[in-house]
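A.B. asks: the following comprises the amino acid sequence and a computationally predicted model.
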Amino acid sequence: MSGPIGLVAGLGTLPVRVAEGAVASGRGVYIVRLKGFEEPALEGYPHSSVGLGEFGKLVKTFREAGCQDIVFAGNVSRPDFSALKLDFRGARLLPKVLSAARQGDDALLRVILTELEGEGFTIRGAEEIAAHLLGPVGLVAGPAPDEAMQADIERAVHVAREIGRLDIGQGCVVCDGLVLAVEAQEGTDAMLARCAGLDPSLRGTPGALRGVLVKVPKPIQERKIDLPTIGVATVEGVHRAGLAGIAYEAGGALLVDREALEAAANTVGVFLLGLETGA
């Protein structure tokens, strides 16, 4: 590998940590900040801003920056495709994008990935650049889950993998065997806010935690992009919803700002547990 890491960046802490990892590796980074999703903390790095429909500009920008390896990181909402400003390459790609978008987010991302690989770029996972982000096996923070919580984890894993197989989402909340929510386009934070609005008879409370959030990759997923991420905001949302903990697939989730994440979980008594692959 040579040349700076090319980073296609949306909002959030994750692209910042990837940029830091690229610099720490000695390779450096060149960032394409997606218009409308420009993370302020990335302002100090070498960058350009590119619209979601400007695929030709994206390719040209990375080539001129000398990038071979490209990483996707950060939060980007699905756009209104009818309102996109397209360059020539973007217009040629649009029919494929629209067709894939009807199948789900993973299908959509695979189209973009395949096109970039066809241009000679290599797509890297965020964890290849910042390996410390990858969640390990075992109890990371908080109290160990009891038998009832373990049963909720098993149920939530099964449901999360089923919705993932259908390219719907990566997360599921279960309490006392009942599925309280599954993640779709709204994302994890909004799903947890919905759970917090449910009657306390269906879930725990911050003073008596019950239930779990599970996040796992979709079985159909290209794992170089869009792995589940867990951060301090996830712990805070789980606690507000009265849930006892978070479980994720070890090696299949990114723990952002690990020290702060562990501190937040320990403070509110929420467990963070890495499950063995296939568990």
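C.D. replies: Happy to help now that I have it. Numbering: from 1, shown residues only.

A.B. asks: which parts of the stretch 1-150 of the chain are helices?
C.D. replies: Ranges of helices in the stretch 1-150 of the chain, per DSSP state H, counting those that start in this stretch, are 13-24, 55-64, 88-101, 105-118, 126-129, 147-165.

A.B. asks: dump those into a markdown table; add mean pLDDT as well.
C.D. replies: Converted to a markdown table, those look like this (pLDDT from 0 to 100):
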| stretch | mean pLDDT |
| --- | --- |
| helix 13-24 | 93 |
| helix 55-64 | 93 |
| helix 88-101 | 82 |
| helix 105-118 | 82 |
| helix 126-129 | 90 |
| helix 147-165 | 95 |
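
A.B. asks: need the ones you listed in JSON lines (columns: distance to Asp199 and mean neighbour count).
C.D. replies: C-beta: built from backbone N, CA, C; applies to glycine. Shown next, in JSON lines, are these (distance: least, CB to CB, whole Å; neighbours: other CB atoms under 10 Å):
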{"stretch": "helix 13-24", "distance to Asp199": "33", "mean neighbour count": "21"}
{"stretch": "helix 55-64", "distance to Asp199": "47", "mean neighbour count": "19"}
{"stretch": "helix 88-101", "distance to Asp199": "36", "mean neighbour count": "15"}
{"stretch": "helix 105-118", "distance to Asp199": "31", "mean neighbour count": "17"}
{"stretch": "helix 126-129", "distance to Asp199": "38", "mean neighbour count": "22"}
{"stretch": "helix 147-165", "distance to Asp199": "18", "mean neighbour count": "19"}
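
A.B. asks: quick one: those helices as TSV, columns for distance to Asp189 too.
C.D. replies: Conversion of these to TSV gives the following (distance: least, CB to CB, whole Å):
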stretch	distance to Asp189
helix 13-24	13
helix 55-64	28
helix 88-101	22
helix 105-118	16
helix 126-129	19
helix 147-165	16
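
A.B. asks: between the ones you listed, which gets nearest to Arg223?
C.D. replies: helix 126-129 (9.1 Å; CB to CB).

A.B. asks: from the contact counts, what lies against the closest one?
C.D. replies: Counting contacts by 3 or more CB pairs under 8 Å, 6 or more residues apart in numbering; DSSP states H and E, helix 126-129 packs against helix 13-24, strand 69-73.

A.B. asks: dump the ones you listed into JSON lines; add distance to Lys218 as well.
C.D. replies: Output for the helices and strands packed on helix 126-129, formatted as JSON lines (distance: least, CB to CB, whole Å):
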{"stretch": "helix 13-24", "distance to Lys218": "18"}
{"stretch": "strand 69-73", "distance to Lys218": "15"}
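
A.B. asks: for the helices of the stretch 1-150 of the chain, which one sits closest to Gly135?
C.D. replies: Using CB to CB, these put helix 126-129 closest to Gly135, at 9.4 Å.

A.B. asks: and the contacts of that closest one?
C.D. replies: Applying CB atoms under 8 Å, 6 or more residues apart in numbering, the contact partners of helix 126-129 are 5, 14, 17-18, 21-22, 25, 71-73, 133-134, 227, 254.

A.B. asks: rerun that using 7 Å as the cut-off
C.D. replies: Ile5, Leu14, Val18, Gly21, Ala22, Ser25, Val71, Ala73, Leu133, Leu134, Leu254 (CB atoms under 7 Å, 6 or more residues apart in numbering).

A.B. asks: so the protein: which segments form each domain?
C.D. replies: 5-129, 134-275 (automatic domain parsing).

A.B. asks: return the most buried member of these.
C.D. replies: domain 134-275 (a mean of 19; mean count of other CB atoms under 10 Å).

A.B. asks: measure that domain end to end?
C.D. replies: Criterion CA to CA, to the nearest Å; first-to-last residue distance in domain 134-275 is 13 Å.

A.B. asks: which stretches of the protein form strands?
C.D. replies: Assigned by DSSP state E, the strands in the chain fall at 5-9, 29-34, 47-50, 69-73, 122-124, 138-141, 171-175, 178-182, 212-215, 229-230, 245-249, 254-255, 271-275.

A.B. asks: want to throw the ones you listed into CSV with mean pLDDT?
C.D. replies: Formatted as CSV, the strands of the chain follow (pLDDT from 0 to 100):
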stretch, mean pLDDT
strand 5-9, 93
strand 29-34, 93
strand 47-50, 92
strand 69-73, 92
strand 122-124, 93
strand 138-141, 97
strand 171-175, 97
strand 178-182, 96
strand 212-215, 98
strand 229-230, 94
strand 245-249, 97
strand 254-255, 95
strand 271-275, 97
